[in-house]
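Colleague: The sequence isn't on hand, but the structure is:
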């Protein structure tokens with residue numbers, strides 16, 4: 001682990017500025033204002049520098065404060081967090097925020113050095129569900145295995161158990177865990193959630209146990225406090241019994257992942273996916289990961305779906321949005337297709353899949 005004193009504090013400050021503009025703007029007015037203020041405050045930037053090496057600093061630091069407040073209902077700062085107060089607040093008094101951070105400095109440092117950012121953004125299922133459903137419908141006679149790399153608590157693996165509402169008024173599925181999304185064009189294909197049993201495997205270096213009080217609180221802390229729909233969906237998702245059927249595997253290396261993926265029977269319809277995980281891979285690990293997928297694709301058919309906002313993906317498809325890309329390995333050949341451009345939290349997406357996606361043959 002790097003000593004925080006060796007880190008370039010101006011670089012960290014700039015990380016907060018970029019986070020504000022590229023992540024918070026349009027998603028969270030509350031965090032947009034707050035992160036810009038933190039970026040201009042050397043004291044808080046230095047505190048944030050304690051974040052565990054390799055972790056996204058703004059996400060981890062902001063979540064640590066939220067995590068403490070979720071267990072401190074009597075703190076004055078609580079009333080400025082809509083996730084706790086349920087009040088329509090759009091700005092946190094900065095002096096009060098800073099004071100709380102330094103009053104709880106040691107606890108914050110402990111959290112950001114020991115916890116890692118593992119979001120379960122259920123609203124991302126708004127674009128996962130159509131893709132998975134269509135792939136499964138195109139292979140009606142096959143058993144299905146879906147593997148999530150970077151699964152955290154496995155909540156997106158239960159995409160087939162949620163209720164989807166799109167801006168055209170169509171509701172798909174029936175459940176208390178509701179996912180709302182805006183489709184910014186009119187080409188979202190018709191789809192139906194599968195009724196068949198799906199084998200679900202979640203892989204992560206640090207599995208989060210949603211039945212553990214502290215782990216569940218960390219999941220909530222990672223949600224931005226003014227995104228109340230996400231809180232409601234998370235609470236409902238945590239109550240779904242199907243969480244018990246997910247196979248969780250603790251693994252952190254590409255070779256370990258390869259063993260899990262390679263063990264799936266070749267006759268199965270296999271879908272491997274990750275959402276906002278590859279950006280945390282070092283470049284050499286990213287290259288190793290793709291080589292691993294290619295090796296598996298030489299010997300069997302399967303799909304790999306990724307949703308990433310990394311620079312290489314954005315440049316590849318000439319967009320500033322998060323890219324959802326489907327890689328198809330079939331008969332030893334590899335093809336890649338842009339499925340959608342999406343908001344990082346799944347609030348909206350632009351469907352980009354070609355019409356023939358819904359007409360694929362088995």
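Modeller: Received the coordinates, thanks. Please read all numbers here as calculations on a predicted model, not as lab measurements. Numbering: from 1, shown residues only.

Colleague: what's around the residue nearest to residue 162 when sequence neighbours are not counted, how many residues?
Modeller: Excluding its sequence neighbours, the residue lying closest to residue 162 (CB to CB, 6 or more residues apart in numbering) is residue 177, at 4.7 Å. Bear in mind the C-beta positions are built from the backbone N, C-alpha and C, glycine included. Residues lying near residue 177 (other CB atoms under 10 Å) number 21.

Colleague: Report the contact partners of residue 177.
Modeller: Residue 177 is in contact with 122, 161-163, 233, 236-237, 240, counting by CB atoms under 8 Å, 6 or more residues apart in numbering.

Colleague: Can you point out the buried residues in the helix or strand that contains residue 135?
Modeller: Using DSSP states H and E, residue 135 falls within helix 125-137. For helix 125-137, burial by neighbour count (16 or more other CB atoms under 10 Å) applies to 125-136.

Colleague: Of the contacts of residue 177, which belong to strands?
Modeller: residue 163 (DSSP state E).

Colleague: Show the pLDDT at residue 186.
Modeller: Residue 186 is assigned a pLDDT of 78 by the prediction.

Colleague: what's the average pLDDT for the longest helix along the chain?
Modeller: Scanning the chain for the longest helix, with DSSP state H as the assignment, gives helix 283-299. Averaging pLDDT along helix 283-299 yields 96.

Colleague: so who does residue 36 touch?
Modeller: For residue 36, the contacting residues are 16-17, 20, by CB under 8 Å, 6+ apart.

Colleague: Select from the residues you listed the one having the most neighbours.
Modeller: Busiest of the contacts of residue 36 [other CB under 10 Å] is residue 16, holding 25 neighbours.

Colleague: Is it within a helix or a strand, and which one?
Modeller: Using DSSP H and E, residue 16 falls in helix 9-19.

Colleague: In that helix, which residues are buried?
Modeller: Residues 12-13, 15-16, 19 are the ones in helix 9-19 that count as buried (16+ other CB under 10 Å).

Colleague: what sits against residue 221?
Modeller: Listed by CB under 8 Å, 6+ apart, the contact set of residue 221 reads 63-64, 66-67, 70.

Colleague: if I look at it, how far off is residue 64?
Modeller: 7 Å (CB to CB, to the nearest Å).

Colleague: cool, and residue 226?
Modeller: 18 Å.

Colleague: These two: who's more crowded?
Modeller: residue 64 (26 against 22).

Colleague: any idea what sits nearest residue 210, other than its immediate chain neighbours?
Modeller: residue 153 (4.5 Å).

Colleague: Please enumerate the helices of the stretch 251-362 of the chain.
Modeller: Applying DSSP state H, counting those that start in this stretch to the stretch 251-362 of the chain gives helices spanning 254-262, 283-299, 311-316.
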